[in-house]
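K.L.:
coords please:
(chains A and B)
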Protein chains: 2
Amino acid sequence: MVAKEIYVAVIGAGGVGKCFLSQLEALSQRFTSSKISLIFVSRSKKVLYSPKYTPLSYSNLSNTLADSTQEPLSLPKIIEYLAAAPAKVVLVDNTSSQDVADAYPQVLSKGISIVTPNKKAFSGSYKLWQDIFSAASSSGAKVYHESSVGAGLPVISTLKELVDTGDSVTKIEGVFSGTMSFLFNSFAPTEGSGGKWSSEVAKAKELGYTEPDPRDDLNGLDVARKLTILARLAGLEVESPTSFPVQSLIPKELESVSSGEEFLQKLPEFDSQMEETKVAAEKEGKVVRFVGSIDVAKKEVKVGLEKFDKSHPIAALKGSDNIISFYTKRYGSNPLIIQGAGAGGDVTAMGVTGDLIKVLERLS
Amino acid sequence: MVAKEIYVAVIGAGGVGKCFLSQLEALSQRFTSSKISLIFVSRSKKVLYSPKYTPLSYSNLSNTLADSTQEPLSLPKIIEYLAAAPAKVVLVDNTSSQDVADAYPQVLSKGISIVTPNKKAFSGSYKLWQDIFSAASSSGAKVYHESSVGAGLPVISTLKELVDTGDSVTKIEGVFSGTMSFLFNSFAPTEGSGGKWSSEVAKAKELGYTEPDPRDDLNGLDVARKLTILARLAGLEVESPTSFPVQSLIPKELESVSSGEEFLQKLPEFDSQMEETKVAAEKEGKVVRFVGSIDVAKKEVKVGLEKFDKSHPIAALKGSDNIISFYTKRYGSNPLIIQGAGAGGDVTAMGVTGDLIKVLERLS
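P.N.:
Numbering: from 1, shown residues only, chains lettered A, B, ... in the order given. Okay, here's the model as predicted:
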């Protein structure tokens, strides 16, 4: 077989993007079914590409990109450039941009495949979701987004396979946020008593486990986005991540304080709320965890605090691990469980690289 | 896009095969990227096919097969028939036959893809393993065998993706046998004291969790075969499932008794051996489990009894579930864990159907 050339374009070269580019370089040396040519990279206001689609060199790539004096391209111009390429193109979106996500239907309709960890495209409006998959279906372009839930853990692919092979998924439940996992495993451990809530949040921030403003984790929206994606894959027409109950862990009084720093300073005043929740669980011999769940039959999606027996796999989670349990007709009372790191540059990039391989194998 | 026709031939229509045929019928109504035509089914001495490759009807298929008066085809004749087909062919081997497995290199070299739960092909001699994958690589035919380890659990696909995306797998550990899982979860539960070893074996046999002769589970060979497959995928050149230490739970004195019934009758005389092992673990606050492990760096594969803290995920397993932990460079100290039913007709067939979809998507 002669190896076909396939072009790869990468938007976003920050945390995940950097890890991905390094995995892509290694992959292109190893992969034999097609020749992988990197033809476009962008980051913030910097771009690097050749109008003639000459492959870029990986050597010193991030410095070359930082020093690039090429005129940045608007999103429509990028799409035009990729659509005119003389070979099949895969766009890798390593941003978390809503603007890029909104352009997916157009990208796909031009036969350009997409792989991405960007949650926005799949957890935005239900119309965007429909537009994305109908564009892909008409043009034959592929779209994969494993890392949009649980980073590199095989969550999306497993759920798709359950559905595609004809199983009935009845319930999905789990811990979907590395930050929330870390916070509750320290705040309400299965052994010992754990620290104060505000101290655990401050510690998580120091260790880099939270967003710059921890409220962006504590509002539950990140988990709600992931649940939206899984619920839709399981067959529910969820309108948006705000169309079902999501419990925010931000005290009402602190919702509008101006900065993450001020939030952290004032959070100790509200420790008693979380402490009460913890003690109430302890009285039942349980621990409290921040979970998401989807009841497919009842069409119920929810995100928030729940109590679990200390022997429950969700209670026994370690560090910042995610855990996702799929209850299905075939698997019966014991769910299919997937567990492990659900955040981090390398494991997120791994999900993207794995998706790229799947697309390459289908385009080769 | 015009849907290409792809032919599917199925060898084996017993437990897993029957479930698979029912999943295949549903899939062929749902799948739009290609037209799936079932052109051949065989079971024991019965075959059903049309020399002109006319698709078979699913209606009443298992009775039609049982009543078939068509002359059975030898394996070489089946291969000849499939190789001459006027469309791409996928052979689904739902047997556990070594003869069929030995023919895989020839099948693949003729451009016929294979999906199968048959462990024999991938855990036989290392030469057969090499011949299979080099035949596939030369002809472009695909070969998938998810259900050869952990039934429908995404074990093989996950390990392949870790390797293909450039992660370093350092250790794989787990409970790989539904029978052994059930036996030890009852014999040495994390809470309570469990039953006598021989009673648990008798109970498992009654419930249909063991092979007709329970020694076929207790000799550890089934687990050794699965470990051989995973170790090879992780990069170790394991010669065969008997080329590393495998602990048999059959007392030496009972290895040669003539029947499974006699074995079960005499097993109580040896209960003290297993009881000692259990008590020794209990003294350390642990429980005993039958596990397999692969240390990739040390190139060590082994199968046998080990002790685990009661809070360890392997100790906390329920029913007849499997659990497989992948320790890798990217995942660090907390492994990527996959858990759930590792045996059963429907979930095994699901792995086969999932593999078939992967092949169809790559052939479409």
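
K.L.:
Next one: the residue nearest to residue A:124 when sequence neighbours are not counted from chain B, what distance?
P.N.:
Sequence neighbours aside, residue A:101 is the residue nearest to residue A:124 in space, at 6.5 Å (criterion: Cβ to Cβ, 6 or more residues apart in numbering or on different chains). All C-beta spots, glycine's among them, are computed from the backbone N, C-alpha and C. Residue A:101 is 24 Å from chain B, where distance means Cβ to the nearest Cβ, to the nearest Å.

K.L.:
Show me the contact partners of the helix or strand harbouring residue A:101.
P.N.:
Following DSSP states H and E, one finds residue A:101 within helix A:98-102. Here helix A:98-102 makes contact (Cβ atoms under 8 Å, 6 or more residues apart in numbering or on different chains) with A:11, A:75, A:93, A:118, A:120, A:121, A:124, A:128.

K.L.:
again with stretch A:62-77
P.N.:
A:13, A:18, A:21, A:41-43, A:45-49, A:57, A:81, A:99-100, A:103.

K.L.:
Of those, just say which sits nearest to residue A:343.
P.N.:
Closest approach between those and residue A:343, by Cβ to Cβ: residue A:18, at 15.4 Å.

K.L.:
Write out the residues of the stretch 51-200 of chain A neighbouring chain B.
P.N.:
Contacts of the stretch 51-200 of chain A with chain B, taken as Cβ under 8 Å from any Cβ of the partner chain, map to A:140, A:152-154, A:157-158, A:161-162, A:164-167, A:190.

K.L.:
who wins for neighbours among the residues you listed?
P.N.:
residue A:152 (32 neighbours; other Cβ atoms under 10 Å in any protein chain shown).

K.L.:
got the contact list for that residue?
P.N.:
Residues near residue A:152 by Cβ under 8 Å, 6+ apart: A:146, A:341, A:347, A:348, A:349, A:350, A:351, A:354, B:165, B:330.

K.L.:
Keeping just the C-alphas, turn the strand or helix carrying the fifth one into PDB.
P.N.:
It refers to residue A:349. Using DSSP H and E, residue A:349 falls within helix A:345-363. Extracted in PDB, the C-alpha atoms of helix A:345-363 (Å, rounded to 0.1, in the frame of the first residue of the first chain):
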ATOM      1  CA  GLY A 345      -1.700  18.100  29.700                       C
ATOM      2  CA  ASP A 346      -0.300  14.700  28.700                       C
ATOM      3  CA  VAL A 347      -3.300  12.500  29.300                       C
ATOM      4  CA  THR A 348      -5.600  15.100  27.700                       C
ATOM      5  CA  ALA A 349      -3.400  15.200  24.600                       C
ATOM      6  CA  MET A 350      -3.300  11.400  24.600                       C
ATOM      7  CA  GLY A 351      -7.000  11.400  24.000                       C
ATOM      8  CA  VAL A 352      -6.600  13.800  21.200                       C
ATOM      9  CA  THR A 353      -3.800  11.800  19.600                       C
ATOM     10  CA  GLY A 354      -5.800   8.600  20.000                       C
ATOM     11  CA  ASP A 355      -8.700  10.300  18.200                       C
ATOM     12  CA  LEU A 356      -6.400  11.500  15.400                       C
ATOM     13  CA  ILE A 357      -5.200   7.900  14.900                       C
ATOM     14  CA  LYS A 358      -8.800   6.800  14.600                       C
ATOM     15  CA  VAL A 359      -9.500   9.500  12.000                       C
ATOM     16  CA  LEU A 360      -6.300   8.600  10.100                       C
ATOM     17  CA  GLU A 361      -7.200   4.900  10.000                       C
ATOM     18  CA  ARG A 362     -10.600   5.800   8.600                       C
ATOM     19  CA  LEU A 363      -9.300   8.300   6.000                       C
END
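
K.L.:
Helices of the stretch 101-250 of chain A, residue ranges please.
P.N.:
Counting by DSSP state H, counting those that start in this stretch, the stretch 101-250 of chain A has helices at residues A:104-109, A:120-123, A:126-139, A:156-164, A:178-187, A:197-206, A:215-218, A:221-233.

K.L.:
Got phi/psi on residue A:37?
P.N.:
Note on residue A:37: backbone dihedrals following degrees, to the nearest 10 are phi -110, psi 120.

K.L.:
pLDDT wise, what is whichever residue of the stretch 1-150 of chain A sits closest to chain B at?
P.N.:
Minimum separation of the stretch 1-150 of chain A from chain B (Cβ to the nearest Cβ) falls at residue A:26, amounting to 4.8 Å. The per-residue pLDDT reported for residue A:26 equals 97.

K.L.:
and the angle from the host helix or strand of it to helix A:345-363?
P.N.:
Following DSSP H and E, one finds residue A:26 within helix A:15-30. Put simply, helix A:15-30 runs at 50 degrees to helix A:345-363, going by axes from the mean of the first three to the mean of the last three Cα atoms, to 10 degrees.

K.L.:
returning to that earlier point: what is the nearest of the contacts of helix A:98-102 to residue B:222?
P.N.:
For the contacts of helix A:98-102, the nearest to residue B:222 is residue A:118 (42.8 Å; Cβ to Cβ).

K.L.:
burial count for that closest one?
P.N.:
25.

K.L.:
quick one: it and residue A:95 touch, right?
P.N.:
Yes. The criterion here is Cβ atoms under 8 Å, and residue A:118 meets it with residue A:95 at 6.1 Å.

K.L.:
so what's the residue sitting nearest the centre point of chain A up against?
P.N.:
Among the residues of chain A, the one closest to the centroid is residue A:148, at 2.5 Å (Cα atoms, centre = their mean). The contact partners of residue A:148, by Cβ under 8 Å, 6+ apart, come to A:116, A:117, A:118, A:119, A:122, A:123, A:156, A:226, A:229.
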